[in-house]
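Engineer: what shape does this take:
(chains A and B)
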2 protein chains.
Amino acid sequence: MLIIGERINTSRKGLHEAVEKKDEEFLKEIARKQVENGADYLEVNCGTRLEREVDDLPWLVKLVQETVDVPLSIDTPRPEAAEAALSVHKGRPIINSISAESQRYEKVLPLVKKYKSGVIALCMDDRGIPETAEQKFEVANNLRARLISDSVPEEDIYLDPLVQTVGSNQVVGMAVVEAIREIARSFPKTHISCGISNISHGLPKRKVLNRAFIVMCIAAGLDTGIVDPNDADLMQSIIAAEALAGKDDFCVRYIEAYRAGKIV
Amino acid sequence: MLIIGERINTSRKGLHEAVEKKDEEFLKEIARKQVENGADYLEVNCGTRLEREVDDLPWLVKLVQETVDVPLSIDTPRPEAAEAALSVHKGRPIINSISAESQRYEKVLPLVKKYKSGVIALCMDDRGIPETAEQKFEVANNLRARLISDSVPEEDIYLDPLVQTVGSNQVVGMAVVEAIREIARSFPKTHISCGISNISHGLPKRKVLNRAFIVMCIAAGLDTGIVDPNDADLMQSIIAAEALAGKDDFCVRYIEAYRAGKIV
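Structural biologist: Model prediction:
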């Protein structure tokens, strides 16, 4: 599973202030720790710094890439901030995100093509967020087809079926799981990504729900997660789930993780 | 989910000796604790007491039912031991187990009918244990049809797709998950049961694998588990999985479990 570390986000505790004060050591430590714990990509998001995002985001990209040797996922809805960040990024970035909403699609697509980036493709369009598995798959199918017809290679697409909280509607969890299963079955070369933690919004002990939900999603075909790699319980659930889902021959990676003290 | 507590089994540490010495207090405490922790049924198995099983099993049934007010799952391959236990059981028992193997089917069926019991129906026949999801479903379908034609109500049948260890063959986990999904889709009134812990046989930190696997199985439609209710991590995974699988409207049971200190 591709792990995108989610911790460098100014909506998280202490991060807005750290970016404001340019507290490089604090931020570098967060980057290092996530990579140590298994992140393949790191997300950078300074959405709370709205007035300063166009300057802060490229500054963060440079700082993080001076510190750790991983590519980044550039998380912003503002194309000008994304472009500023992409222009200083080394390696193959992921843009988070495009969607089938007309305006967003047209503004983000040129960046995906110019930087030959991966792109998280949110399964929503001008009608909003689809509710059922069938509707999510329909939007995923259309968005993927459009990106491919616009010359984005299918293996650069990370379809995100958009997780909502199960606290307000008990069917949303299985809608996502079933959408993932259908996407994985139909498009084996296209990636599937999720912001898992939205499932537990508003509920107590969110980590218990998050780690059960990612297990269900992995069984259905999820191959990319935007998660907190410092959450050891979550990471061991991912390793166990991949073994159980037949993605770890003879459980070699599970046993290695156990020997490294990561399965407790 | 129907929880069948698995701890009263003479193959577990200390149990063989406790049954041998007729250590009633020790055994009663195991029964009480499982029910406190959420068991709906308790399994009784004294298979290691081969020479004495016909006497020990009914003794255990009486002892446990004097102690706690739940019905039992009578776990033995020997029809004479099962009959001795069933003859003293109060309430509606579950017989663990019948299968599509010719001899076993013919010997166990009369007990199921005489005692109007539930019955765990192992998805194996004279050819052995099926490997793939399709083969497991085929055996499940035939066994269920035969039981129904022999007048066993479909809601008394607990189909068990037979879990094997993922350590020796990485496809067995998903074969079970997919068989469960197909059984649940095809036969919504028939129960599905699993001995979950077989999945991790021979692997380290088995509980990590067991709790991820039961989450996958619940997402697919598992409604009955033979588990250790004293394993708090497993029980909270089950409660979380049922909420995520849309079986807990507005997460009411999850939130109640949290308030009761069971989600940590």
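Engineer: pLDDT averaged over the one helix or strand residue A:80 maps to - what is it?
Structural biologist: In this structure, residue A:80 sits in helix A:79-86 according to DSSP states H and E. For helix A:79-86, mean pLDDT is 96.
Engineer: cool, and stretch A:186-202?
Structural biologist: Rounded mean pLDDT across stretch A:186-202 is 96.
Engineer: flag every buried residue along that stretch.
Structural biologist: A:187, A:190, A:191, A:192, A:193, A:194, A:195, A:196, A:197, A:198, A:199, A:200 (16 or more other CB atoms under 10 Å in any protein chain shown). Any C-beta I mention is one placed from the backbone N, CA and C, and that applies to glycine too.
Engineer: do the same with stretch A:55-66
Structural biologist: Here stretch A:55-66 shows A:56, A:57, A:58, A:59, A:60, A:61, A:63, A:64, A:65 as buried, counting by 16+ other CB under 10 Å.
Engineer: please apply the same query to stretch A:104-113.
Structural biologist: Across stretch A:104-113, burial judged by 16+ other CB under 10 Å covers A:104, A:105, A:107, A:108, A:109, A:111, A:112.
Engineer: who's in contact with the third one?
Structural biologist: The one in question is residue A:107. residue A:79 (CB atoms under 8 Å, 6 or more residues apart in numbering or on different chains).
Engineer: mean confidence for the longest helix along chain A?
Structural biologist: Ranked by residue count and defined by DSSP state H, the top helix of chain A is helix A:133-149. Here helix A:133-149 scores 98 as its mean pLDDT.
Engineer: over to stretch A:173-180?
Structural biologist: Stretch A:173-180 comes out with an average pLDDT of 98.
Engineer: in the longest helix of chain A, what's buried?
Structural biologist: So, applying 16+ other CB under 10 Å, buried residues of helix A:133-149: A:133, A:136, A:137, A:138, A:139, A:140, A:141, A:143, A:144, A:147.
Engineer: now do the contacts for the last one.
Structural biologist: Neighbouring residues of residue A:147 by CB under 8 Å, 6+ apart: A:98, A:109, A:112, A:119, A:121, A:154, A:157.
Engineer: burial measure for the last one, as a count.
Structural biologist: Burial of residue A:157, expressed as a neighbour count using other CB atoms under 10 Å in any protein chain shown, amounts to 24.
Engineer: isn't it up against residue A:117?
Structural biologist: No: using CB atoms under 8 Å, residue A:157 is not in contact with residue A:117; the gap is 10.7 Å.
Engineer: with adjacent residues omitted, what lies nearest to residue A:55?
Structural biologist: residue A:84 (7.5 Å; CB to CB, 6 or more residues apart in numbering or on different chains).
Engineer: right, I mislabeled it, should have said residue A:28
Structural biologist: In space, residue A:28 is closest to residue A:67, 4.4 Å off (CB to CB, 6+ apart).
Engineer: wait, is residue A:123 part of a strand?
Structural biologist: Yes: under DSSP: H, G, I helix; E, B strand; the rest coil, residue A:123 falls within a strand.
Engineer: tell me how far it lies from residue B:43.
Structural biologist: Between residue A:123 and residue B:43 the distance is 44 Å, computed by CB to CB, to the nearest Å.
Engineer: same check on residue A:22?
Structural biologist: With the distance defined as CB to CB, residue A:22 ends up 62 Å from residue B:43.
Engineer: go on, residue A:254?
Structural biologist: 28 Å.
Engineer: neighbour count for the two, which is higher?
Structural biologist: Legend: neighbour count by other CB under 10 Å for residue A:254 and residue B:43, higher for residue A:254 (27 against 23).
Engineer: close to chain B: what parts of chain A are there?
Structural biologist: Chain A comes close to chain B at residues A:166-168, A:170-171, A:173-174, A:177, A:199, A:203-205, A:208-209, A:212-213, A:215-216, A:219-220, A:236-237, A:240-241, A:243-251, A:254-255, A:258, A:263-264, as judged by CB under 8 Å from any CB of the partner chain.
Engineer: quick check: the residue of the stretch 1-150 of chain A nearest chain B.
Structural biologist: Nearest residue of the stretch 1-150 of chain A to chain B, counting by CB to the nearest CB: residue A:133, 11.5 Å away.
Engineer: from what I can see that residue touches residue A:182, true?
Structural biologist: Yes: here residue A:133 reaches residue A:182: they are 6.7 Å apart, a contact under CB under 8 Å.
Engineer: overlap of the contact sets of these two?
Structural biologist: With CB under 8 Å, 6+ apart, residue A:133 and residue A:182 have no common neighbours.
Engineer: tell me the SS of the residue nearest the centre of chain A?
Structural biologist: What sits nearest the mean C-alpha location of chain A, by CA atoms, centre = their mean, is residue A:226, with 3.4 Å. Three-state assignment for residue A:226 (three-state DSSP): strand.
Engineer: for it, which non-adjacent residue is closest in space?
Structural biologist: residue A:4 is the one closest to residue A:226 (CB to CB, 6+ apart), at 4.6 Å.
Engineer: thought that neighbour was touching residue A:44?
Structural biologist: No: Residue A:4 is beyond contact range of residue A:44, at 10.6 Å (criterion: CB under 8 Å).
Engineer: quick check: neighbours shared by those two?
Structural biologist: Taking CB under 8 Å, 6+ apart as the contact rule, the neighbours common to residue A:4 and residue A:44 are residue A:73.
Engineer: and residue A:128, how many neighbours?
Structural biologist: Around residue A:128 there are 8 residues (other CB under 10 Å).
Engineer: backbone dihedrals for it, please?
Structural biologist: phi 110, psi -160 (degrees, to the nearest 10).
Engineer: for it, give the beta-bridge partners.
Structural biologist: residue A:125 (DSSP bridges).
Engineer: quick check: next helix or strand after the strand or helix carrying the residue nearest to residue A:226?
Structural biologist: Per DSSP H and E: residue A:4 is located in strand A:2-5. Toward the C-terminal end, the helix or strand that comes next after strand A:2-5 (DSSP H and E) is helix A:15-20.
Engineer: which helices and strands sit right next to that following helix?
Structural biologist: On a contact count with 3 or more CB pairs under 8 Å, 6 or more residues apart in numbering or on different chains; DSSP states H and E, helix A:15-20 meets helix A:24-36.
Engineer: got the contact list for the helix it packs on?
Structural biologist: A:5, A:7-8, A:14-15, A:18-19, A:42, A:60, A:63-64, A:67-70, A:229-230.
Engineer: ok, of the residues of chain A next to chain B, which come out buried?
Structural biologist: Of the members of the residues of chain A next to chain B, the ones counted as buried by neighbours, 16+ other CB under 10 Å, are A:166-167, A:170, A:173-174, A:177, A:199, A:203, A:205, A:208-209, A:212-213, A:215-216, A:219-220, A:236-237, A:240-241, A:243-246, A:248, A:251, A:254-255, A:258, A:263.
Engineer: ok, residue A:101 - contacts?
Structural biologist: Contacts of residue A:101 (CB under 8 Å, 6+ apart): A:124, A:125, A:126.
Engineer: in ChimeraX, how would I select the buried members of the residues you listed?
Structural biologist: Those of those that count as buried under 16+ other CB under 10 Å are selected in ChimeraX with:
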select /A:124,125
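Engineer: could I get the contacts of residue A:101 as a markdown table with distance to residue A:74 and pLDDT?
Structural biologist: Putting the contacts of residue A:101 into a markdown table (distance: CB to CB, whole Å; pLDDT from 0 to 100) gives the following:
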| residue | distance to residue A:74 | pLDDT |
| --- | --- | --- |
| A:124 | 19 | 98 |
| A:125 | 22 | 97 |
| A:126 | 24 | 97 |
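Engineer: can you pull out the helices in the stretch 151-264 of chain A?
Structural biologist: A:172-186, A:206-220, A:232-244, A:252-259 (DSSP state H, counting those that start in this stretch).
Engineer: distance to residue A:49 added to those, as a markdown table?
Structural biologist: Shown next, in a markdown table, are these (distance: least, CB to CB, whole Å):
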| stretch | distance to residue A:49 |
| --- | --- |
| helix A:172-186 | 30 |
| helix A:206-220 | 25 |
| helix A:232-244 | 27 |
| helix A:252-259 | 36 |
